[in-house]
Each structure stands twice: as C-alpha cells, then as structure tokens.
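Q: below are the sequence and a predicted model for it; my questions follow.
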Amino acid sequence: MPADFFLKGLAIGFAIAAPVGPIGVLCIRRSAEGGPRLGLATGAGAAVADAAYGAVAAFGLTAVSSFLVGGRFWLQLLGGFFLMYLGFASFRSKPGPAPPSAPAPIGATLLAASGSTFLLTLANPATILSFVAIFSGFGLGSAPGYSSAAAMVAGVFTGSLAWWLILSQSVGFFHARLSSDWTRGISRVSGCVLFLFGIAAVLAALRG
C-alpha cells in the first residue's frame, strides 16, 4: 500500500538527515545567526536533494545513477572545496547582535541558503547506493507500481524536512537571546568544523 511505503520513506528520510554532518553544522549556525526560517531553508535544500536521490533509486533510473556515481570524483572534490570556502567565510564573519525585532531573512537569502545545501548534498552521489540498498531492504523492489515508489520518495522528503524543522526551531529559539560574542563564537567553531569536513571530502576524493 502507498501509505505503508510513505511511512517507510518517512523513517528513512528522518534517519538519513539526523546524523550530524556538514549540513547539520550549517543549519545550526544559520539558525543561531539568522533565526529558524534561515535554518529551515538550509535544511530544506538538503531534503530536496535527498528526495531527488531517493527518486533515482526508487524509480530505477540507472542511467542517471551511473552518471552521477561516475562523476563522483569531481563532485566530491568540488563539494569539499565549497565546504572549505563556507568554513573560511563562517570563521571570518562578524555577526552582530540579534535584536528580537529583527526581521527574518527572506527572498534571495532563503533561496541561497537552500541552494547551497542542495548542491552540497548532491555532491555526494554515493548516497544513491545507500538509497538503493535501503529501498531494497524495505521491499520497494516488489512494490506494485509507481504509486508506491512516489509515496516512498514523498516520505523521504517529509522525514528529512521534519528533522530540519526540529533542529532549526530548537536552535532558532535562542536566536534573539544570543549575544554578539556567542554568535561570533558559533560562527568560528562552525567555520572550523566545516573547513575540516571540506578537507576530509577532498582527501576522500583524491584517495578514490
């Protein structure tokens, strides 16, 4: 039943998003500095990418999967350098105090936040292989048609987005209460962590 596959996808999406990684660090930093809307926009980009990879696996788009996995070296290398850039920019940033009345960033800022994490998540095409293995384990291969596959992909997106909503709202709760010293400290710590994630990604790409 499609509803069953939606629930399975929900669990998969939440489980894939929850482990702390570079996207989680970005979400925490942006939620603390710009509020929960900016944090949620950051996570939403990753949720869309997770759903896209889930669709590739669920619908058996082997040509797309092979193309992305074949370009894994360049994608991972570019993703690593992008993470290093984000880490450097975060470390160098000088966030000011966040008054309670400050409006949340909108428009292009939210779109840029989503776009950056969407591209970073796509820069790890090996994720497709994880989705293929997980979907097979959940019995998607014996699903009766496209409706079940679509329901599972929708569940992946919803589960992933649910995690980012929880994280951004939890961190964003302190947004207006943080002093400039705290936000500056968060930026520097997250910058170092993102830079290290970037180095790790570049080294992993070079090792093949």
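A: On my side now, so go ahead. Computed from a predicted structure; not experimentally measured.
Q: pretty sure Ser187 contacts Ala89?
A: No - using CB atoms under 8 Å, Ser187 is not in contact with Ala89, being 9.2 Å away. C-beta here means a position set from N, CA and C on the backbone, and glycine is covered the same way.
Q: residue nearest the centroid of this structure?
A: For the chain, the residue nearest the mean C-alpha position is Ala46 (2.9 Å; CA atoms, centre = their mean).
Q: Leu122 is in contact with Val56, correct?
A: No - the pair Val56 and Leu122 fails to qualify as a contact (CB under 8 Å) at a distance of 10.7 Å.
Q: buried ones in stretch 78-98, by neighbour count?
A: 78-84, 86-87, 90-91, 95, 98 (16 or more other CB atoms under 10 Å).
Q: ok, so of those, who is nearest Ala150?
A: Gly79 (28.0 Å; CB to CB).
Q: need the contact list for the closest one.
A: Gly79 is in contact with Leu119, Leu120, Ala123, Asn124, Ala201, counting by CB atoms under 8 Å, 6 or more residues apart in numbering.
Q: could you rerun that using 6 Å?
A: By CB atoms under 6 Å, 6 or more residues apart in numbering, the contact list for Gly79 reads Leu120, Ala123, Ala201.
Q: more neighbours, Val56 and Leu122?
A: Val56 (22 against 19; other CB atoms under 10 Å).
Q: quick check, pLDDT for that one.
A: On the pLDDT scale, Val56 is placed at 82.
Q: state the distance from it to Ala205.
A: 21 Å (CB to CB, to the nearest Å).
Q: over to Ala150?
A: Distance from Ala150 to Ala205, by CB to CB: 33 Å.
Q: any idea how many residues pack against Ala52?
A: Ala52: 18 surrounding residues under other CB under 10 Å.
Q: what's the answer for Trp74, then?
A: Other residues near Trp74 come to 11 when the count uses other CB under 10 Å.
Q: helix or strand right after the helix or strand of the chain with the lowest mean pLDDT?
A: Comparing helices and strands within the chain by mean pLDDT, DSSP states H and E singles out helix 62-70 as the least confident, with a mean of 63. Past helix 62-70, further along toward the C-terminus, the next helix or strand under DSSP states H and E is helix 72-92.
Q: so where's this protein shaky on pLDDT?
A: Counting by pLDDT under 70, the chain has low-confidence residues at 1, 60-71, 94-108, 125-126, 128-129, 132, 135-145, 176, 208.
Q: do a quick rundown of the helices in it.
A: In the chain, the helices defined using DSSP state H lie at 2-17, 22-34, 36-58, 62-70, 72-92, 108-122, 127-137, 146-172, 180-207.
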